[in-house]
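Trainee: Pasting a predicted model and its sequence here:
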2 protein chains.
Amino acid sequence: MENRTKIINDSLVRIYNDILWIEEKELKKSQFNDLSIKEMHAINAITMYEHKTVSQVAKELHLTPGTLTATIDRLTRKNYVTRIRSNDDRRVIRLGLTKKGRLMFRAHDAFHRMMVRNFLKDLGQDEIKTIEKALRNLELFLRERS
Amino acid sequence: MENRTKIINDSLVRIYNDILWIEEKELKKSQFNDLSIKEMHAINAITMYEHKTVSQVAKELHLTPGTLTATIDRLTRKNYVTRIRSNDDRRVIRLGLTKKGRLMFRAHDAFHRMMVRNFLKDLGQDEIKTIEKALRNLELFLRERS
DNA sequence: CTAATATAATTTGATTATCAAAGTATTCAT
DNA sequence: ATGAATACTTTGATAATCAAATTATATTAG
């Protein structure tokens, strides 16, 4: 049983290392090769139309606001992201994607969907329920430690 | 079904973001708080007694040798890692952990084991087989794209 | 057996990524 | 109205990263 734990752990670590790297490679080959992988993930956290605030996105990505400001500066310069000063509260910046940003978002999203479909390949309904249960377990464990 | 894909994808993305951050927090609270999370993962890729070469470890972590050299410099300075010049081939550096490095390795490994045990909590034998199948699916998908 | 070629690691120079702490503008609470 | 709180940006420092050049050693072709 401990042995099985180790095998599953090693598999998870490999998956963890490989995903970022493969995403990076696909990115470099694409029309969006002026972006780093971190910039891409910022775009994906910003999302298409939610107009989240800087603090919200920083929190989701576990970055300090200062770090995110720097990333947004670059993404604005490269024309993926726009800053929208809120009218309710003029301290707040809401974030939006440009047309180019939305294109990027959809491309990355498509990759993720494909990855998940492959993850679940050849699994039946009950088996998918098992996966969902395990993911809930893990999220609960992680939340306990937050 | 597409909706389910999205829910699972979002869960995976949250897990992905949270794991690094929680590992980082635990690290900061521990006796090894002079390490960054990347340095910790380098230590874990070096492993206890395999004496891997710089190129080998760089490849596993998908880093250029130059990047790893810089990390090893810091880890050597902080007394976690040792460089061992190979006698077979004097171009090669083999990497080892100091006593402190091995202590760190074991601590991180323990965290991972706990995480996996929680991931598999309350799952039966068949359910664990399902998880293993899904992870194999994912590794295969990732390997196809390497 | 040497000369060209290849390989392993390091160095260099540039850019991005990151944080903590200080600063600026705005809002909230009393 | 003013003192505290909040949202974001700036600043200064360091880590993380790469591509390309360099150094030292090995391998191979002639």
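Mentor: Perfect, I can see it now.
Trainee: Next up, the contacts around the one residue sitting closest to the centre of chain A.
Mentor: For chain A, the residue sitting closest to the mean C-alpha position, by CA atoms, centre = their mean, is residue A:41 at 4.7 Å. Listed by CB atoms under 8 Å, 6 or more residues apart in numbering or on different chains, the contact set of residue A:41 reads residue A:61. Where you see a C-beta, it was placed from the backbone N, CA and C, and this is true even at glycine.
Trainee: Recalculate using a threshold of 10 Å.
Mentor: Contacts for residue A:41 (CB atoms under 10 Å, 6 or more residues apart in numbering or on different chains) come out as A:20, A:23, A:35, A:60, A:61, A:71, A:108, B:13, B:16, B:17.
Trainee: and which of these is nearest to residue B:79?
Mentor: Nearest to residue B:79 among these is residue A:20, at 28.9 Å by CB to CB.
Trainee: Phi, psi for residue A:70 please.
Mentor: phi -60, psi -40 (degrees, to the nearest 10).
Trainee: Tell me the first helix or strand C-terminal of the lowest-mean-pLDDT helix or strand in chain A.
Mentor: Between all helices and strands in chain A, the lowest mean by mean pLDDT, DSSP states H and E belongs to helix A:2-29, at a mean of 90. Following helix A:2-29 in sequence order, the next helix or strand is helix A:37-46 (DSSP states H and E).
Trainee: mean confidence score for that next one?
Mentor: Helix A:37-46 carries an average pLDDT of 97.
Trainee: from the middle of its chain, how far away would it be?
Mentor: Here helix A:37-46 is found 6 Å from its chain centre; the criterion is CA atoms, centre = their mean, to the nearest Å.
Trainee: what's the answer for stretch A:122-135, then?
Mentor: Per CA atoms, centre = their mean, the centroid offset for stretch A:122-135 relative to its chain is 23 Å.
Trainee: Check stretch A:47-56 too.
Mentor: For stretch A:47-56 - counting by CA atoms, centre = their mean - the centre lies 13 Å from the chain centre.
Trainee: on that earlier part again, out of the contacts of residue A:41, which one sits closest to residue A:92?
Mentor: residue A:60 (16.2 Å).
Trainee: Check whether that closest one really touches residue B:13, as I assumed.
Mentor: Yes. The criterion here is CB atoms under 10 Å, and residue A:60 meets it with residue B:13 at 9.5 Å.
Trainee: ok, how many other residues are close to residue A:73?
Mentor: 12 (other CB atoms under 10 Å in any protein chain shown).
Trainee: excluding its backbone neighbours, what's nearest residue A:33?
Mentor: Computed as CB to CB, 6 or more residues apart in numbering or on different chains, the closest residue to residue A:33 that is not its neighbour in sequence is residue A:27, at 6.5 Å.
Trainee: Same question for residue A:62.
Mentor: residue B:21 (4.1 Å).
Trainee: The one you found: neighbour count?
Mentor: Residues near residue B:21, counting by other CB under 10 Å: 16.
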